[in-house]
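Peer 1: Task: produce atomic coordinates for the following.
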Amino acid sequence: MPPMRTFLTIWFGQVTSVIGSGMTTFALGVWIIEQTGEATPFVLIAIFNSIPTFALSPIAGAIVDRWNRRRVMIGADVGAALVTVALLLLFMNGALLPWHLYASAFISSVLNIFQNLAYTTSVTSLVPKQHYSRANAMVQTAQSFGFILSPILGAALYALSGLNGIFFIDLATLGVAVGTLLIVHIPQAARD
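Peer 2: Residues are numbered from 1 along each chain as shown. The predicted model follows:
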């Protein structure tokens, strides 16, 4: 597969996954406020989501540089799917509690750090130098899609299908992301 096509394949999977995961994050925020009637649990989710960024970011880059980036991305997506399945099962059994969301926010944030680092650092090994600016703009645009479209779609789908439907859509989008990664090859950067 030509490098630019490989990048576009991965990009499509990541855009899909970002939107799906963003819808779940939004819907869980709505759900917890509906359940508790308080903003504190919502804020605690944001705090648990932020802690790994401060704690792991300084060392995560060095770790990702030593590992196969494609495997890191697949592992992060599979981990995110497992978190979503756990939340879905808890929700379906009426056992979903706020602390489950704190734990899932923390774990998802850890996975997201490794996912994003592997993805963004793969751009230079996938894309010809003359297309770096275009590819980086597409990566940034994908993140913006997530911030803009996820709440809009999440609100609409939450009203139509509830949290169950959102969970299943998130799992489908994670499947798209893993599927696109399984059909491509990401060259490893040369180590010093």
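Peer 1: In terms of helix, strand or coil, where does residue 188 fall?
Peer 2: coil (DSSP: H, G, I helix; E, B strand; the rest coil).
Peer 1: Tell me if I'm right that it and residue 124 touch.
Peer 2: No: with contact defined as C-beta atoms under 8 Å, residue 188 does not count as touching residue 124 (11.7 Å). C-beta coordinates here come from the backbone N, C-alpha and C atoms, glycine included.
Peer 1: quick one: common contacting residues for these two?
Peer 2: Taking C-beta atoms under 8 Å, 6 or more residues apart in numbering as the contact definition, residue 188 and residue 124 share no neighbouring residue.
Peer 1: Okay, now the unreliable bits of the chain?
Peer 2: Filtered on pLDDT under 70, the chain yields the residue ranges 1, 3, 189-192.
Peer 1: What are the boundaries of the helices in it?
Peer 2: Taking DSSP state H, the helices of the chain run over residues 3-36, 40-66, 69-92, 98-126, 132-182.
Peer 1: Would you mind giving those as CSV with mean neighbour count added?
Peer 2: Below are those laid out as CSV (neighbours: other C-beta atoms under 10 Å):
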stretch, mean neighbour count
helix 3-36, 20
helix 40-66, 14
helix 69-92, 19
helix 98-126, 20
helix 132-182, 16
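Peer 1: Who are the contact partners of residue 97?
Peer 2: Residues near residue 97 by C-beta under 8 Å, 6+ apart: residue 90.
Peer 1: Check the gap between residue 110 and residue 24 for me.
Peer 2: The spacing between residue 110 and residue 24, counted by C-beta to C-beta, to the nearest Å, is 16 Å.
Peer 1: Oh, that last question was meant for residue 38, not what I typed.
Peer 2: 21 Å.
Peer 1: Could you do residue 137 as well?
Peer 2: Here residue 137 is placed at a distance of 26 Å from residue 24 (C-beta to C-beta).
Peer 1: try residue 32
Peer 2: Going from residue 32 to residue 24 by C-beta to C-beta gives 12 Å.
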